[in-house]
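Colleague: just to be clear, the model below is a prediction. Sequence and coordinates:
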Amino acid sequence: MSQQQEQLAQEEQQIRAFQRHCFETAQKHLAEKGIMPKTLVEKDSRFLAPICAVWKFKAQDGKTYWVITGQLPADHIEVSAAGSAREAIRHFSLQWQLKADQLLSSQRLDKTQHDFAQLLINRAHGLYELYEKQDLWANEP
């Protein structure tokens, strides 16, 4: 095996590990919120390595959720808030900007809250950039 082939195989392995980690984080996030995932709607889910993944889960409660995980805070919304993974990314971006604004306008803002608000702002901007990249969404309905 050539050095280039070895490098590609290693990158593939890292991507699979990141995807597995994102998937496990999504399931854990839902469980912590009292939502028990039943099935993954794989055709609607999107994996944007090495940044994030947007999963569409049907839950045991009959509802369907978008869950975002990766190098950002895990979060979820009901599927009624966004019709596609792309729209879900936009929704999370806008929602996080609002949450950050609320935190920053708080009278009792400690360093941890300030740092989290800055993280939300940073990740919200990054998500919106992903949302705007048309080539990422060429296969999106």
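Modeller: Structure's in. What do you need?
Colleague: any low-confidence regions in the chain?
Modeller: Within the chain, the ranges that satisfy pLDDT under 70 run 141.
Colleague: does the most centrally placed residue in it lie in a helix or a strand, and which?
Modeller: Nearest residue to the geometric centre of the chain (CA atoms, centre = their mean): Ile68, 2.2 Å. Using DSSP states H and E, the element containing Ile68 is strand 64-70.
Colleague: ok, now Lys58?
Modeller: With DSSP H and E as the test, Lys58 turns up in strand 52-59.
Colleague: now do the buried residues in that strand.
Modeller: Neighbour-count burial for strand 52-59 flags 52-57, 59 (criterion: 16 or more other CB atoms under 10 Å). Every residue, glycine included, has its C-beta placed from N, CA and C.
Colleague: repeat that for stretch 118-130.
Modeller: Quick answer for stretch 118-130 (16+ other CB under 10 Å): 120-121, 123-124, 126-128, 130.
Colleague: ok, residues contacting it?
Modeller: Stretch 118-130 has contacts (CB atoms under 8 Å, 6 or more residues apart in numbering) with 48, 51-52, 68, 72-73, 89-90, 92-94, 96-97, 99-100, 103, 136.
Colleague: also stretch 95-104?
Modeller: For stretch 95-104, contacts defined as CB under 8 Å, 6+ apart pick out 73, 75, 77, 109, 113-114, 116-118, 120-121, 123-124, 127.
Colleague: in JSON lines: the buried residues of stretch 118-130, plus secondary structure and distance to Gln4.
Modeller: Formatted as JSON lines, those follow (DSSP: H, G, I helix; E, B strand; the rest coil; distance: CB to CB, whole Å):
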{"residue": "Leu120", "secondary structure": "helix", "distance to Gln4": "39"}
{"residue": "Ile121", "secondary structure": "helix", "distance to Gln4": "39"}
{"residue": "Arg123", "secondary structure": "helix", "distance to Gln4": "33"}
{"residue": "Ala124", "secondary structure": "helix", "distance to Gln4": "37"}
{"residue": "Gly126", "secondary structure": "helix", "distance to Gln4": "30"}
{"residue": "Leu127", "secondary structure": "helix", "distance to Gln4": "33"}
{"residue": "Tyr128", "secondary structure": "helix", "distance to Gln4": "35"}
{"residue": "Leu130", "secondary structure": "helix", "distance to Gln4": "29"}
